[in-house]
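> can't give you the sequence, but here's the structure:
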């Protein structure tokens, strides 16, 4: 997707992008995690800014990028483009945040599963008559209180 100069500036500021201009600078992209790094670029031949795609890989001449919807891969020539990426630190920070959110959701689902099992067990106990209703509990407590009163009266009369 082509971007205007202002849209591209806005994205640079929003995402704290760094520019990889020389072939040597562009080689640092190899240190970035594949399929987890978004690469934007400026094509020197067309003089246009592009939103780019997810970094899939690279060789000596080309960088492979991918869009997710619809899934489509394409290659850009390293020498024809100036690349813009988030700092490696920001990329790993984002990956860590995403991984943490995924783990939090997994733990939440596990707790829900355990709660569901607990509810099933309680329901089974209720169906089998192993649990008392609120009214049954009150009646039982009253019986215990009456028995205690009777016992105390017997103890006092002796």
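Everything's here; your move. As the structure is a prediction and not an experimental result, all values here were calculated from the model.
> The longest strand along the chain pairs with which strands, parallel or anti?
The residue-count maximum for a strand in the chain (DSSP state E) belongs to strand 48-58. The strands beside strand 48-58 in its sheet (DSSP bridges) come out as strand 2-3 (antiparallel), strand 38-43 (antiparallel), strand 62-68 (antiparallel).
> now that strand: mean pLDDT?
When pLDDT is averaged over strand 48-58, the result is 89.
> that older thread, most packed of the strands paired with strand 48-58?
Highest mean neighbour count of the strands paired with strand 48-58: strand 38-43, a mean of 21 (counted as mean count of other C-beta atoms under 10 Å). Just so you know, the C-beta spots here come from the backbone N, C-alpha and C atoms, and that holds for glycine as well.
> For residue 4, grab phi and psi.
Backbone torsions of residue 4, given as degrees, to the nearest 10, read phi -80, psi 170.
> show me the residues around it that make contact.
When contacts are counted by C-beta atoms under 8 Å, 6 or more residues apart in numbering, residue 4 touches residue 49.
> Look up how far residue 11 lies from it.
Here the criterion is C-beta to C-beta, to the nearest Å. By it, residue 4 lies 11 Å from residue 11.
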